[in-house]
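Novice: test case, fold it:
(chains A and B)
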There are 2 protein chains.
Amino acid sequence: MSTTNQRAFNFNAGPSALPLEVLQIAEKQLINFNNTGMSVMELSHRSKDFEQVHNEAIARLRQLYAVPDNYEVIFLQGGASLQFSMIPMNFLQSGEQADYILTGVWSEKALAEAKLFGAPVAVASTKDNHYKNIPSVHQINFNDAAAYVHLTSNNTIYGTQWKDFPTTIAPLIADMSSDILSKPIDVSKFALIYAGAQKNLGPSGVTVVIIRKDLLEKAHNNIPTTLKYSTFTENNSLYNTPPTFGIYMLGEVLKWVEKQGGLEKIATHNEAKAKLIYDAIDGSNGFYIGHAEKESRSLMNITFRLADEELEKQFLAEAKAAGFVGLNGHRSVGGCRASTYNAVPYETCKALADFMHAFQAKH
Amino acid sequence: MSTTNQRAFNFNAGPSALPLEVLQIAEKQLINFNNTGMSVMELSHRSKDFEQVHNEAIARLRQLYAVPDNYEVIFLQGGASLQFSMIPMNFLQSGEQADYILTGVWSEKALAEAKLFGAPVAVASTKDNHYKNIPSVHQINFNDAAAYVHLTSNNTIYGTQWKDFPTTIAPLIADMSSDILSKPIDVSKFALIYAGAQKNLGPSGVTVVIIRKDLLEKAHNNIPTTLKYSTFTENNSLYNTPPTFGIYMLGEVLKWVEKQGGLEKIATHNEAKAKLIYDAIDGSNGFYIGHAEKESRSLMNITFRLADEELEKQFLAEAKAAGFVGLNGHRSVGGCRASTYNAVPYETCKALADFMHAFQAKH
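Specialist: Numbers count the residues shown, from 1 in each chain, chains lettered A, B, ... in the order given. The predicted model follows:
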């Protein structure tokens, strides 16, 4: 069995670090889950054993976020990318407007998919500022008659994150793939929240959706069965075989979040972790240059460059040699990125900050 | 760690038994994969380590089935149920005919989804015979101008299986979810083969598609990105984050199939396993009654009833108490069903046959 000190300094952007404690539980139960003589993967999705795993995961997520009763929590497949299409397929009519706020590549992709179904409009975009910031809510000209408003709560590629969400007349939909469960949020501000699991929730292959029932009622009917949200809400996400192992892992991650003390504690912890690295950037006298504007900085993805491009290559090479994983920026923008999701330990962030200080001192 | 003798007699219809050897490898590598200091689940899907897992799984599947070069092998999410919609979405025009052969509930569902996109026709159905048989190929009146022909190669609920596939002018599409990799097949007869992984391939959450390039070229363009087959073929199934752990497990199952000696050996083994249970039925003088007609019997799902309904309940209760799992028939039809997929050991089938003999002797 692995020990803690064999663990990589994992800063992957997703799939990403999982809590060691969760992996240890999964390892222990892998072949014989709850004395069933079977792996979780071998259980029928209609068995009592699996249904308990499934329902407990839903209940834990509801409790952690204090999800109001007029919302459903469902598990899907296909990641956020499929949600980009399912949202307009379910909620946007031909010719109808939906408001999209562009804060990066993922919001652009969401907008592009909506164009197949209706008339989405980019009501705000920070592209001209190289997506270094989140737009000011007061400057956005929302269309109150829009089918919905769509935003991306955290932008993995650029390292920006919404701090306060707009209050909108039209139903607010948020892609929270990369900061779900990283802090408390008021679910009641949103009509639909979605997230691929592979950053803060568990392994890839599960998508979590929290959807308000009144939005659900507005959905179109004449669409494929497994692309209708109502198929999932009406069948407790068990219309067809769900990704059972992923849901089990999600449930274990949720237990772990509870054990950390819940979302307030997780948020404080995440702030402290990110501060270590942002301080290394801010205290470097321009040796490290943060990409995001300070007030828009993400606590999940810390993006930076080195002033000297050759030195940047060397930094990434030496970091890799020192056991740091996933520090290269997204292939579309380059630079460096440290993803400090919930499961990345404080010590790992400290190790990176120390490495950054040492590298700077050397050069 | 579990030992072999703690293993359940697992006859689940899917998700179902996995090879113990595969689970043992997964357990061993769960926290530290290939000395990366990370779980497979924690690897970036764009890392060298994961890409090797991914590409090896594709290569192994190609090799086991001798997939010709003019086919692509891709991994998707959403199970067969999403394929029911993706197939007509990609290949069926409004008003255009597609030929569906109905051999059970799953083919009915596939047909129902196609109606949203075009004019599918049930060119054959054995529903009037309670889906006890596979129709005779010579009696099917195919429309050579159809966009495609769709069939379900094995019917989990009724326990029937195609032995020989029709040669069709229109592209032949097969849902092989429940008998993929159970025997050699001539891939070149098909334009598209699809299968949810959770019976013979691995855990739920991965869908395998083998698609001929000329069919791919006929696909419509104006559909959502992640619902287009070409998105997967053009990006080696890495357009967005794939279900990485599921693909890893699939790769390990494929290695295991190789170690068993390949598909010929697997087929012989499956025949011997099924024979144990069919012999218990056929030798019972009507105590056990097989559902499927003999020439249509499935080697994957063995469906039967007891002549006496009360005794059937008792049989299922005693079997459960004796450690047999998953012997209840599908909730839509009742009765008994033993799913004897690749990973179900001969000894497990022998134990069931022995139990059936003993139960009969007692009553």
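Novice: CA only for contacts and neighbour counts going forward, please
Specialist: Will do.
Novice: low-scoring stretches of the stretch 251-363 of chain A, by residue?
Specialist: For the stretch 251-363 of chain A, applying pLDDT under 70 flags no range at all.
Novice: rerun at 80
Specialist: A:331-333 (pLDDT under 80).
Novice: what sits against the residue in it positioned nearest to chain B?
Specialist: The nearest approach of the stretch 251-363 of chain A to chain B comes at A:G326, 7.7 Å away (Cα to the nearest Cα). Neighbouring residues of A:G326 by Cα atoms under 8 Å, 6 or more residues apart in numbering or on different chains: A:N10, A:F11, A:N12, A:A13, A:R337, A:A338, B:S44.
Novice: same thing but at 10 Å, please
Specialist: Contacts for A:G326 (Cα atoms under 10 Å, 6 or more residues apart in numbering or on different chains) come out as A:9-14, A:16, A:316, A:319-320, A:336-339, B:43-44, B:46-47.
Novice: and chain B, is stretch A:38-49 touching that?
Specialist: Yes: on the criterion Cα under 10 Å from any Cα of the partner chain, stretch A:38-49 is in touch with chain B at A:M38, A:S39, A:V40, A:M41, A:E42, A:L43, A:S44, A:H45, A:R46, A:S47.
Novice: and these, which are buried?
Specialist: Buried positions within these, assessed by neighbour count (16 or more other Cα atoms under 10 Å in any protein chain shown), are A:M38, A:S39, A:V40, A:M41, A:E42, A:L43, A:S44, A:H45.
Novice: next SSE after the strand or helix carrying A:N90?
Specialist: Secondary structure from DSSP states H and E places A:N90 in helix A:79-91. Downstream of helix A:79-91, the first helix or strand assigned by DSSP H and E is strand A:97-102.
Novice: any idea of the mean pLDDT for that next one?
Specialist: Strand A:97-102 shows a mean pLDDT of 98.
Novice: contacts for it next, please.
Specialist: Residues contacting strand A:97-102 (Cα under 10 Å, 6+ apart): A:88, A:91-92, A:107-111, A:114-115, A:118-127, A:131, A:134-135, A:140-152, A:170-173.
Novice: show me just the buried residues among the contacts of A:G326.
Specialist: Members of the contacts of A:G326 classed as buried by 16+ other Cα under 10 Å are A:9-14, A:16, A:316, A:319, A:336-339, B:43-44.
Novice: list the contacts for the closest residue to A:F304 other than its chain neighbours?
Specialist: Distances taken as Cα to Cα, 6 or more residues apart in numbering or on different chains put A:G290 closest to A:F304, at 4.2 Å, once the chain neighbours are dropped. By Cα under 10 Å, 6+ apart, the contact set of A:G290 is A:132, A:158-159, A:278, A:281-282, A:297, A:302-306, A:335-337.
Novice: can you flag which of these belong to strands?
Specialist: Among the contacts of A:G290, DSSP state E puts A:I302, A:T303, A:F304, A:R305, A:L306, A:C336, A:R337 in strands.
Novice: for the last one, give me its contacts.
Specialist: Think A:R337. A:11-13, A:156-159, A:290-291, A:300-305, A:326-330.
Novice: longest helix in chain A, please.
Specialist: For chain A, the helix that runs over the most residues, judged by DSSP state H, is helix A:263-282.
Novice: whichever helix or strand comes after that one pairs with which strands, parallel or anti?
Specialist: Sequence-wise, the next helix or strand downstream of helix A:263-282 (DSSP H and E) is strand A:288-290. Strand pairing for strand A:288-290, using DSSP bridges, gives strand A:301-306 (antiparallel).
Novice: show me the helices in the stretch 151-300 of chain A, by range?
Specialist: Taking DSSP state H, counting those that start in this stretch, the helices of the stretch 151-300 of chain A run over residues A:213-217, A:229-234, A:244-259, A:263-282.
Novice: what about the second one, average pLDDT?
Specialist: Spelled out, that is helix A:229-234. Rounded mean pLDDT across helix A:229-234 is 98.
Novice: CA-only coordinates of it, as CSV, when you get a sec.
Specialist: Taking Å, rounded to 0.1, in the frame of the first residue of the first chain, the C-alpha atoms of helix A:229-234 are listed here in CSV:
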residue,chain,number,x,y,z
TYR,A,229,-33.4,16.6,-17.3
SER,A,230,-36.9,15.2,-16.3
THR,A,231,-35.8,11.7,-17.2
PHE,A,232,-33.2,12.0,-14.4
THR,A,233,-35.4,13.8,-11.9
GLU,A,234,-38.3,11.4,-12.4
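Novice: buried sites along that helix?
Specialist: Neighbour-count burial for helix A:229-234 [16+ other Cα under 10 Å]: A:Y229, A:S230, A:T231, A:F232, A:T233.
Novice: one more: the third one?
Specialist: When neighbours are counted by 16+ other Cα under 10 Å, the buried residues of helix A:244-259 are found to be A:244-258.
Novice: let me know whether that helix sits next to chain B.
Specialist: Yes: Helix A:244-259 lies within reach of chain B by Cα under 10 Å from any Cα, at A:T244, A:F245, A:G246.
Novice: can you list contacts of stretch A:137-147?
Specialist: The contact list for stretch A:137-147 (Cα under 10 Å, 6+ apart) reads A:88, A:91-93, A:96-101, A:118-125, A:148-149, A:162, A:164-172, A:215, A:218.
Novice: likewise stretch A:52-64?
Specialist: A:40, A:45, A:48, A:50-51, A:66-69, A:71-75, A:181, A:184-185, A:208, A:210, A:236-238, A:242, A:244-245, A:247-255, A:257-258, A:261-264.
Novice: try 6 Å this time
Specialist: Here stretch A:52-64 makes contact (Cα atoms under 6 Å, 6 or more residues apart in numbering or on different chains) with A:G251.
Novice: from the chain's centroid, how far away is it?
Specialist: 18 Å (Cα atoms, centre = their mean, to the nearest Å).
Novice: any idea of the mean pLDDT for it?
Specialist: 98.
Novice: equivalent analysis for stretch A:32-44, please.
Specialist: Taken as a whole, stretch A:32-44 has a mean pLDDT of 97.
Novice: so what touches that stretch?
Specialist: A:L30, A:I31, A:F245, B:Q6, B:R7, B:A8, B:P15, B:S16, B:A17, B:P203.
Novice: quick check: end-to-end length of that stretch?
Specialist: Distance between the two ends of stretch A:32-44: 14 Å, counting by Cα to Cα, to the nearest Å.
Novice: can you check stretch A:234-250 too?
Specialist: End-to-end distance (Cα to Cα), stretch A:234-250: 21 Å.
Novice: need the residues that contact that stretch.
Specialist: Under Cα under 6 Å, 6+ apart, the answer for stretch A:234-250 is A:M41, A:I74, A:F75, A:L201, A:G202, A:P203, B:S204, B:G205.
Novice: TSV for those residues, including distance to A:E310?
Specialist: TSV is the format used below for those (distance: Cα to Cα, whole Å):
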residue	distance to A:E310
A:M41	47
A:I74	47
A:F75	45
A:L201	36
A:G202	36
A:P203	35
B:S204	45
B:G205	42
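Novice: got the residues of the stretch 51-200 of chain A near chain B?
Specialist: A:Q77, A:G78, A:L82 (Cα under 6 Å from any Cα of the partner chain).
Novice: can you tell me which of those residues is nearest B:T348?
Specialist: Nearest to B:T348 among these, counting by Cα to Cα, is A:Q77 at 32.7 Å.
Novice: let me see the contact set for the closest one.
Specialist: Residues counted as contacts of A:Q77 (Cα under 6 Å, 6+ apart) are A:G205, A:V206, A:T207, B:G78.
Novice: out of the residues you listed, which is most surrounded?
Specialist: Highest neighbour count within the contacts of A:Q77, by other Cα atoms under 10 Å in any protein chain shown: A:G205, with 32 neighbours.
Novice: quick one, what contacts that residue?
Specialist: Taking Cα under 6 Å, 6+ apart, one finds A:Q77, B:P243 in contact with A:G205.
Novice: how close does it sit to A:G79?
Specialist: A:G205 is 7 Å from A:G79, by Cα to Cα.
Novice: quick one: mean pLDDT for stretch A:6-17?
Specialist: For stretch A:6-17, the per-residue pLDDT averages 96.
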